[in-house]
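Colleague: Build the 3D model from these lines:
(one chain, ligands or ions: 1)
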Amino acid sequence: MIIVRNLSKTFPPNQPVLSRISFQADEGELVALLGSSGSGKTTLFRCLMLKEKWDDGQYIYAGHDISGAGVIEKLKLRRDWAFLEEKPKLNPKKSALKNVLSGLFFHKAWWRILSGTTSNEDHMTAMDYLDKVGLLDKAHEPVERLSGGEQQRVAVARALIRGAKVIFADEPVSGLDPAAAALVMEDLKTICQRTKIIVFCSLHQVELAERFGSRIWGLAGGKLVVDIAGRRLTHVEKEKIF
Ligand SMILES: Nc1ncnc2c1ncn2[C@@H]1O[C@H](COP(=O)(O)OP(=O)(O)OP(=O)(O)O)[C@@H](O)[C@H]1O
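Modeller: Residues are numbered from 1 along each chain as shown. Predicted coordinates for the structure are as follows:
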């Protein structure tokens, strides 16, 4: 569970971006974050991933106040979190399977890293995750031959094999056509519900937020102006956000 109270952030010299943001996000939630360009979506994610400092506010993760986390604690916490970008950083020449397995790098025995070998168990686990994102039949394809949506799903599988408990997805489907975007969002929603992780997903498309978000947030003027359970937004709610 994540609880944030009154988080505020101003960029120097005097540009307030986030103003007293408060929320609670529970396991199994897919939070769809809507906001116009420059509203602070990425900044909010960067603060929540402890990549950006904020001025005021309390941040509680899994029952611990991590507002003042030190370097070691931050490194440990970041293992629980995964970041999905619009263009996932994958090795294009390597297969989908190898890219997913690369998520296990820090979990492998040193001699396996040196010898470049993989245990049968890791192999099976990676195949399971590829199955979860509907890519079992593409496991041995080099990633460069996969579509943008399929590459994004490989990135999701890699995040999951790392044991991510929270996924921050910053506009993960903005470069995709509507059908591919829906498939990626469907994966995120299913995985979120089945594995009880929290997914924060910033989106520009209201329809995707309405269709896949179990919760919808709207960010405008540095504030969370909308925080509702996933459903069709009213005209008034849309006007508040955009
Ligand atoms: N490092 C920085 N220094 C100063 N200002 C910044 C910095 N990063 C972001 N900003 C400013 O903060 C505001 C919010 O930026 P942010 O990238 O969080 O918005 P966003 O909602 O993610 O936008 P988009 O949808 O276009 O990606 C913008 O006005 C931006 O120029």
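Colleague: Check which helices and strands the longest helix seen in the chain is in contact with.
Modeller: Among the elements of the chain assigned as helix by DSSP state H, the one spanning the most residues is helix 178-195. Contact analysis of helix 178-195 by 3 or more CB pairs under 8 Å, 6 or more residues apart in numbering; DSSP states H and E lists strand 30-34, helix 120-132, helix 148-161, strand 198-203, helix 206-212 as its packing neighbours. In short, each C-beta sits where N, CA and C put it, glycine included.
Colleague: swap the cut-off to 10 Å and go again
Modeller: strand 30-34, helix 120-132, helix 148-161, strand 166-170, strand 198-203, helix 206-212 (3 or more CB pairs under 10 Å, 6 or more residues apart in numbering; DSSP states H and E).
Colleague: can you dump the C-alpha coordinates of it into CSV?
Modeller: Output of helix 178-195 as CSV, limited to C-alpha atoms (Å, rounded to 0.1, in the frame of the first residue of the first chain):
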residue,chain,number,x,y,z
PRO,A,178,-5.4,1.7,-30.7
ALA,A,179,-5.5,-2.1,-31.0
ALA,A,180,-1.9,-2.6,-29.7
ALA,A,181,-2.5,0.0,-27.0
ALA,A,182,-5.6,-1.9,-25.8
LEU,A,183,-3.6,-5.1,-25.7
VAL,A,184,-0.8,-3.6,-23.5
MET,A,185,-3.4,-2.0,-21.2
GLU,A,186,-5.3,-5.3,-21.0
ASP,A,187,-2.1,-7.1,-19.9
LEU,A,188,-1.4,-4.5,-17.3
LYS,A,189,-4.9,-4.7,-15.9
THR,A,190,-5.0,-8.5,-15.8
ILE,A,191,-1.5,-8.7,-14.2
CYS,A,192,-2.4,-6.1,-11.7
GLN,A,193,-5.5,-7.9,-10.6
ARG,A,194,-3.9,-11.4,-10.6
THR,A,195,-0.6,-10.5,-8.9
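Colleague: returning to that earlier point: of the helices and strands packed on helix 178-195, which approaches S8 most closely?
Modeller: strand 30-34 (17.2 Å; CB to CB).
Colleague: Tell me the helix or strand right after that closest one.
Modeller: helix 41-48 (DSSP states H and E).
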